[in-house]
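# Here is a sequence with its predicted model. Questions after.
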Amino acid sequence: MLIDGKALAAESETETKKKVQRLAASGVVPGLVTVLVGANPASQIYIRQKHMGSARVGIRSENVVLPEDVTEDQLIATIRELNLRKDVHGILLQLPLPKGLAPQRAMATILPEKDVDGFHPLNMGALLLGTERLVPCTPLGIIYALERLGATLEGAEAVIVGHSNVVGKPLAAMMLNRNATVQVCHVFTKDLAVHTRDAEILVVAAGVPGLIKREMVRPGAFIFDVGINRVGDKTVGDVDFESVKDVAGAITPVPGGVGPLTVAMLLRQTVEAAESQASQDRGNS
Ligand code: NAD
C-alpha cells in the first residue's frame, strides 16, 4: 500500500482550516513568519511550500529574508522584534544557516510559545520529558500518519535510520512517549540491516539515495522515507522504492510522502500556537 502523504496532509489541513475559521470569529488571524538567511535554493523551495500551505488554510504569512553575511546579533535582533509582535504567533528560522552562523542562540531566542518548528531547547526538553508541546514537524507528520493509518505504536518495533536533531532524535523521543521499542541507527552503526530487518515501523532519514534495499526490510513493515535527494533530474528518497514497495506493508513515495505532511504539521502547530496565545491574551485582559 502506498501511504499517500498528500491526502493525509489535505485531511489535516481541512481540520486546521476549520480552526482558523473559529479563531477568525473571535478576531484572531494566525500569523506565521519565516526567516530565511541567504539564498539557498532548496530552502527557498521549502519556504515557498510553507507560504502556499499557509494561504490554503487562511494563515497570514510573511517571509523575512536576511543577507548571507548577516551577523548572529542582527539575526537575533530580528527574532526579538518578531517575538514582540502580537500578530505573529509562529516564527520559523529556516535551516541550514549559511556557514559560520550557528543556529543554537537564534533558535533559543524564539519565544517557546512561538516556536512552531519545535526546536527551542525548552520544547525539545519537554518532548524528552514526555510532556510534548510544540515539536519538530517532520516527526510529528510521521506520528500523525501512523495514527491515521491505525498503526499501533505501543509495543511496536520501530527503527529509525538517522539521528539528526531535526528528524531522528525527536522522532525517537516521540515514539518512546508512545511506548514503542525504538532502535536508532546512524552512519556509525556497524550492520544496518541487522537492525532494519527488525522494524515493523521503519523510518529512514539519512540523505543517502537507495540506502535501504529489499533484503533489509521486514515483510509487512510500515516504511517512511524522509530522504530528499536529487539524482540527475529526479528527486528520490533513501529507500530503493522499486525493490522495496512489494515487500513493505505500506510505504511513502518521494515526493508526495513525508514532505506534504511536514508542511501540514507546521500549519497545525501555527494555529495551535495562535489559539493558546489568544486564550492567554484573553486571560490577561
Ligand atoms: P542529517 O544530514 O542531519 O543527518 C543524517 C543522518 O543520517 C545522521 O544521523 C547520519 O549519521 C545518518 N546517516 C548518514 N549516512 C548513513 C548511512 N550510510 N547509514 C546509516 N545512517 C547514515 O540529515 P537530516 O536533516 O535528518 O535529513 C535527512 C534526510 O531527510 C535528507 O535527505 C533531508 O533532505 C531529508 N529531510 C526531509 C524532510 C521532509 O520534510 N521530507 C525534513 C527533514 C529532512
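Received the coordinates, thanks.
# What residues does this structure have near the ligand?
Residues of the chain found near the ligand (CB under 6 Å from any ligand atom) are 138, 161-164, 166-168, 185-187, 189, 192, 205-208, 211, 226-229, 258-259, 262. Where you see a C-beta, it was placed from the backbone N, CA and C, and this is true even at glycine.
# Okay, and the beta partners of Val37?
Val37 has these beta-bridge partners by DSSP bridges: Leu66.
# do you know how far it is from Gln94?
Look at Val37 and Gln94: by CB to CB, to the nearest Å, they are 8 Å apart.
# In the chain, which helix is the longest?
If you go by DSSP state H, the chain has its longest helix at helix 258-284.
# Name the residues of that helix that come out as buried.
258-275, 277-278 (16 or more other CB atoms under 10 Å).
# circling back: which of the residues of the chain next to the ligand fall in helices?
Secondary structure assignment by DSSP H places Thr138, Gly168, Leu192, Val258, Gly259, Thr262 of the residues of the chain next to the ligand in helices.
# From those residues, pick the one nearest Leu128.
Proximity of those to Leu128, judged by CB to CB, is greatest for Gly168, which lies at 13.6 Å.
# what's the neighbour count on that closest one?
Around Gly168 there are 23 other residues, counting by other CB atoms under 10 Å.
# got a list of what the spatially closest residue to it that is not a sequence neighbour touches?
Once flanking residues are discounted, Gly168 sits nearest to Gly162: 4.1 Å by CB to CB, 6 or more residues apart in numbering. By CB atoms under 8 Å, 6 or more residues apart in numbering, the contact list for Gly162 reads Gly168, Cys185, His186, Val203, Val204, Ala205, Ala206, Gly207, Val226.
# Just put those in JSON lines and tack on distance to Gly220.
JSON lines is the format used below for these (distance: CB to CB, whole Å):
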{"residue": "Gly168", "distance to Gly220": "23"}
{"residue": "Cys185", "distance to Gly220": "20"}
{"residue": "His186", "distance to Gly220": "25"}
{"residue": "Val203", "distance to Gly220": "16"}
{"residue": "Val204", "distance to Gly220": "17"}
{"residue": "Ala205", "distance to Gly220": "21"}
{"residue": "Ala206", "distance to Gly220": "22"}
{"residue": "Gly207", "distance to Gly220": "26"}
{"residue": "Val226", "distance to Gly220": "20"}
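# This completes my enquiry, with thanks.
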